[in-house]
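Asker: give me a 3D structure for the following:
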Amino acid sequence: MAWRSDFMQEGLRGSFMTAVTCILGLQYGHILVQLEDHKDRLKHWLQFSVSVFSFGLFLNLIGDPLNKQLYTVSYALLTTGSAGLTFCALYVLVDVGGYRCLTCILEWMGRHSLSIFILVPSNVAIIVLQGFYWNNPKNNIVHWVLSFFSVHR
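Answerer: This is a model prediction of the structure:
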């Protein structure tokens, strides 16, 4: 097919790797349902996350490229392992430690994810945020964030 390039992820390999990633994510939910103790859950999640991450790193080191466009096995395993480690950290922070106020922005983003997905790429959110400024229209939140990241590069 002349109109399709070799690295299109909509093919069979991309679909297969997407299914594998979903099955790996399902394992985290399976552990959540089967085990009731926080220590047991964390132990199993950490073992699974570290082993998946390590195997993805090993595959990358022996030659499987870490490539999002090809959706390679090493990319899927590394992202699954790092997401699992992040999930463990948030689980300890929120469910074990009880620090819900620190993650309220993540909860808000989860509730309004479709709105964020639509408003940010269409620049509506940026235009609205630029409407709130201090003394000068250029002194707004968007300018502060952009200047912060341009200084810290």
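Asker: name the helix or strand for the nearest residue to residue 67 once chain neighbours are set aside, please.
Answerer: Nearest residue to residue 67 in three dimensions, chain neighbours excluded: residue 75, at 5.9 Å (Cβ to Cβ, 6 or more residues apart in numbering). Using the backbone N, CA and C atoms, a C-beta is placed for each residue, glycine as well. Using DSSP states H and E, residue 75 maps to helix 73-91.
Asker: residue 48 now?
Answerer: For residue 48, the element it lies in under DSSP H and E is helix 38-61.
Asker: tell me the centre residue of this structure?
Answerer: residue 83 (6.2 Å; Cα atoms, centre = their mean).
Asker: in the chain, which residue sits furthest out from the middle?
Answerer: Distance to centre of the chain, Cα atoms, centre = their mean, peaks at residue 135 (36.9 Å).
Asker: which other helices and strands does the longest strand that the chain contains contact?
Answerer: The longest strand of the chain (DSSP state E) is strand 136-140. On a contact count with 3 or more Cβ pairs under 8 Å, 6 or more residues apart in numbering; DSSP states H and E, strand 136-140 meets helix 124-130, strand 133-134.
Asker: export those to JSON lines and tack on mean neighbour count and mean pLDDT?
Answerer: JSON lines is the format used below for the helices and strands packed on strand 136-140 (neighbours: other Cβ atoms under 10 Å; pLDDT from 0 to 100):
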{"stretch": "helix 124-130", "mean neighbour count": "13", "mean pLDDT": "81"}
{"stretch": "strand 133-134", "mean neighbour count": "12", "mean pLDDT": "80"}
